[in-house]
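Participant: let me see the structure of the following:
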Amino acid sequence: MKDFFDQGDLVAVQTTQPLDRLLDYKAPAGGCHVGAFVEVPLGPRKVIGVVWGPGKGDYDRSKIRSVIRVLDVAPMREEMQGFLERAAAYTLTPMSAMLRLATRAPGLSDPPSMRKVYRPGAGEPDRMTDARARVMAALAEYGGLSFTLKELSQAAGVTPSVVKGLVKQGVVREEDTPRDVPFPYLDVDFGGKDLTGDQAGAVATLNVGISAGTYGTTLLRGVTGSGKTEVYLEAVAESLRQKRQALVLLPEIALTAEFMTRVEARFGAKPAEWHSGVTMTERRRAWKMVGQGGAQLVVGARSALFLPFLDLGLIVVDEEHDTSYKQEDSVLYNARDMAVLRASLCSAQVILASATPSLESWANADAGKYTKLELTARFGTAVLPKMRALDMRGVQLPSNRWISPELAGAVKSRVENGEQALLFINRRGYAPVTICRACGFQIGCDHCDARMVEHRFLKRLICHQCGESKPIPEACPSCQAEGKLAAVGPGVERLTEEATELFPDARIATLSSDLFGSARALKAGIENIAEGGADIIIGTQLVAKGHNFPLLTLVGVIDADLGLQGSDLRAAERTFQLMRQVSGRAGRADKPGEAILQTYQPEHPVIRAILAGEEEAFWKAEADERRRAGVPPYGRMAGIILSAPDVQTVFDLGTELARRDGPLRQVGAQVFGPAPAPIARIRGRHRVRLLVKAPKGVALQQAVAKWIGGVRPGNNVRLTVDIDPQSFY
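Facilitator: Numbering: from 1, shown residues only. Below is the predicted model:
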């Protein structure tokens, strides 16, 4: 195919606008290459697009408009075009939406220019104010990265005049610099550590594939604290030695700060970051430098997969089992699976790292599709924590208490020894339900079929589906009775309240995403805990995600049975993963750890498997059960979510779809539904689901596309396809 077009040649341009086709334009003066990012006219607007290939010319040539200009950014490589096309076909997503994912950086159409940036200076303020302290803290927080005046003001929560005042005193430096510059060079020989025999063996195996420049996926499975990070950082070093770029995906922004410190210790400089916590200036810089080769390593969230790498040689998916890798809105994709797809198209290696891998990855390794490497012991002198169940059926607790006397005694003992204890409950807020004791009314969201969660620390009721919030009322909204509203059930805030009463002299820190206004504040809270700034940590799922608290020696799980409720086919797997992960926070340094699981079902197979540590036996049993049921990873599934303001409209469309299931039956697939979604109304829209189940290996996407193509949703009706659904809400 022709890859350069002279002025006036017809080119096909894929835009980011919601159109279902490529658009023909005339190449601009100077011509353009395939993959060039361009600005084109669309009606009265100017929009960004990519030259996808030659134009069709099936339109009156005199009416075809010209490309306005070629943007001064690296062109999209053929591998990236193929990745977007394959990802769109797999997820049944319009190409325009995929291209939006790949161009999510501000100012891409801006010409090269200079800008004023602000960095830490050497001076001291003549007097310290709260506003000035916030500016200095913001600069220190981001490790000396550059800010624009607006970004620094917003990050510190001050007016620009405060920053300008600090510039005059030399506390902040104002510099003119090119808008986007390469990231510091990473030295692969800077800070390598001595590895254990297991670690060195894993590194040697990984480096074979990386140095060969071929595709391969490896499941790096290691117990918590075994040093998986050190292993894959050595793999990153090998990729950089081969002059290829590397990408490390993390499941949680809160993990980024600690990880960036470890990268800097290993390579002598910090890499590019890509997630919602970095400034827009740095996002644009990262996007452009990745395409030009000015960023050797990117550490980012799942969307970093769609950056325009010049030569990507390695992708690491850390905590690959984590559900946050599945995007549940807009484009529905699983970053773990898309990482494998992208690597296969650019001859890169993938490392899927986890102490508790997803069953999908375990099955692929078991079948020989993935290489499997295991680290079976903790690094250094640390040993795995002892785990035991505490049978709550015989424990007499008041109705408003959840910490058993035995667990409370264990916590007290650890704190008195100068150690830390963690109390874990996987439920945000103060209480999941607020009920009127006079009439039985439960306060729900006005826009969703969901109960509002009390967040007492914020003095608000919040809907965890749509984010709607309102003050906690004094009287029942239904019967107007005053003083009769009662919180039912525990959340992390209520647990904090109970712990404060039980341990009045202890320093208590609560880790929940709702309680931190910014990623910076969350990072500061985590660092404070790691440095010994708390005796007792009360946490949600956030604490299970890879944090290292050296003084933490006791983990108490308040309700180990919580995740086993409901009909989610992954309930057992997720409970097993979560309990093993959170228990693994204990005893990661020189003092032995212990995990106590409060449970009302100590004989449950999942609880027994957690305590026994027989992980391989658990995966095999879970795999056998899924295989018999014909569900993932031994079958295919697709979810169809219909939503509209009118409930009858979505049920009528769902019924029509179920009746016209011929394309699915042709490939041996079944349709279940329509049925109300478990949360049947969100943001005022009624929701109906259909579930498609098919044998493994069938061409499910083509059948689904043909099936839904046979109906036309009416006005204000949304039809969303979720290939390989992870949740069924």
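Participant: going forward, measure contacts between C-alpha atoms and count neighbours the same way
Facilitator: Fine.
Participant: just give me the neighbour total for L502.
Facilitator: 14 (other C-alpha atoms under 10 Å).
Participant: what sits against it?
Facilitator: L502 makes contact with A408, according to C-alpha atoms under 8 Å, 6 or more residues apart in numbering.
Participant: from T496, how far out is it?
Facilitator: 10 Å (C-alpha to C-alpha, to the nearest Å).
Participant: now swap in S399 and tell me
Facilitator: 16 Å.
Participant: higher neighbour count, those two?
Facilitator: Taking other C-alpha under 10 Å, S399 and T496 do not tie; T496 has more neighbours (21 against 8).
Participant: in which helix or strand would I find the more buried one?
Facilitator: helix 492-502 (DSSP states H and E).
Participant: list the buried ones in that helix?
Facilitator: V492, E493, R494, L495, T496, E498, A499 (16 or more other C-alpha atoms under 10 Å).
Participant: find the nearest non-adjacent residue to the fifth one, please.
Facilitator: Nearest-residue entry for T496: I538, 6.3 Å, with adjacent residues in sequence omitted and distances by C-alpha to C-alpha, 6 or more residues apart in numbering.
Participant: now do the strands in the stretch 251-400 of the chain.
Facilitator: With strands called from DSSP state E, counting those that start in this stretch, the stretch 251-400 of the chain shows them at 272-274, 297-300, 312-318, 349-354, 371-375, 386-391.
Participant: worst mean pLDDT among those strands?
Facilitator: Mean pLDDT across the strands of the stretch 251-400 of the chain is lowest at strand 386-391; the value there is a mean of 91.
Participant: of all the strands of the stretch 251-400 of the chain, which one comes closest to N715?
Facilitator: Nearest to N715 among the strands of the stretch 251-400 of the chain is strand 272-274; the distance by C-alpha to C-alpha comes to 36.8 Å.
Participant: output the contacting helices and strands for the closest one.
Facilitator: helix 280-292, strand 297-300 (3 or more C-alpha pairs under 8 Å, 6 or more residues apart in numbering; DSSP states H and E).
Participant: mean pLDDT for the ones you listed: which is lowest?
Facilitator: helix 280-292 (a mean of 91).
Participant: which residues touch that helix?
Facilitator: 73-75, 105-108, 146-148, 179-183, 272-275, 295-296, 307-310.
Participant: what do you get if the cut-off is 6 Å, keeping everything else the same?
Facilitator: A74, A105, P106, D180, P182, A272, A295, P308, F309, L310 (C-alpha atoms under 6 Å, 6 or more residues apart in numbering).
Participant: what of stretch 168-186?
Facilitator: Against stretch 168-186 from outside (C-alpha under 6 Å, 6+ apart): 113-124, 166-167, 267, 269, 285, 289, 294-295.
Participant: against P44, how distant is K26?
Facilitator: 17 Å.
Participant: compare the two (neighbour count), which wins?
Facilitator: Between K26 and P44, K26 has the larger neighbour count (other C-alpha under 10 Å), namely 24 against 6.
Participant: ok, that one - contacts?
Facilitator: G8, D9, L10, S66, V67 are the contacts of K26 under C-alpha under 6 Å, 6+ apart.
Participant: who wins on neighbours among the residues you listed?
Facilitator: V67 (26 neighbours).
Participant: now the strands: where do they sit in the stretch 551-700 of the chain?
Facilitator: 552-557, 594-599, 635-644, 670-682, 685-695.
Participant: returning to what we had before: any chance of the strands of the stretch 251-400 of the chain in TSV, with mean neighbour count and distance to E258 too?
Facilitator: Output for those, formatted as TSV (neighbours: other C-alpha atoms under 10 Å; distance: least, C-alpha to C-alpha, whole Å):
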stretch	mean neighbour count	distance to E258
strand 272-274	25	13
strand 297-300	24	12
strand 312-318	27	14
strand 349-354	27	17
strand 371-375	20	22
strand 386-391	18	26
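Participant: now render those strands as a markdown table, adding distance to W707.
Facilitator: Converted to a markdown table, the strands of the stretch 251-400 of the chain look like this (distance: least, C-alpha to C-alpha, whole Å):
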| stretch | distance to W707 |
| --- | --- |
| strand 272-274 | 37 |
| strand 297-300 | 36 |
| strand 312-318 | 34 |
| strand 349-354 | 34 |
| strand 371-375 | 37 |
| strand 386-391 | 49 |
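Participant: out of those, nearest to M260?
Facilitator: Among these, strand 297-300 sits nearest to M260 (C-alpha to C-alpha), with 7.9 Å.
Participant: just the CA trace of the closest one, in CSV.
Facilitator: Listed in CSV are the C-alpha atoms of strand 297-300, where the atom choice follows Å, rounded to 0.1, in the frame of the first residue of the first chain:
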residue,chain,number,x,y,z
LEU,A,297,9.8,3.7,30.4
VAL,A,298,6.2,4.6,31.2
VAL,A,299,4.5,3.8,34.5
GLY,A,300,0.8,4.2,34.2
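Participant: partner strands of that strand, with direction?
Facilitator: The pairing partners recorded for strand 297-300 under DSSP bridges are strand 245-249 (parallel), strand 272-274 (parallel).
Participant: quick one: contacts of the shortest one?
Facilitator: Going back to what we said before, that points to strand 272-274. If you take C-alpha under 6 Å, 6+ apart as the criterion, strand 272-274 is touched by A286, V298, V299, G300.
Participant: what distance do you get for A509 to A524?
Facilitator: Taking C-alpha to C-alpha, one finds A509 at 12 Å from A524.
Participant: quick one: which of those two has more around it?
Facilitator: A509 (19 against 16).
Participant: secondary structure element holding that one?
Facilitator: strand 508-511.
Participant: gap between that strand and the chain center?
Facilitator: 22 Å (C-alpha atoms, centre = their mean, to the nearest Å).
Participant: name the next helix or strand downstream of that strand, please.
Facilitator: By DSSP H and E, the next helix or strand past strand 508-511 is helix 519-530.
Participant: partner strands of the next helix or strand after that following helix and their direction?
Facilitator: As assigned by DSSP H and E, the chain's next helix or strand after helix 519-530 is strand 536-539. On the basis of DSSP bridges, the sheet neighbours of strand 536-539 come out as strand 420-424 (parallel), strand 508-511 (parallel).
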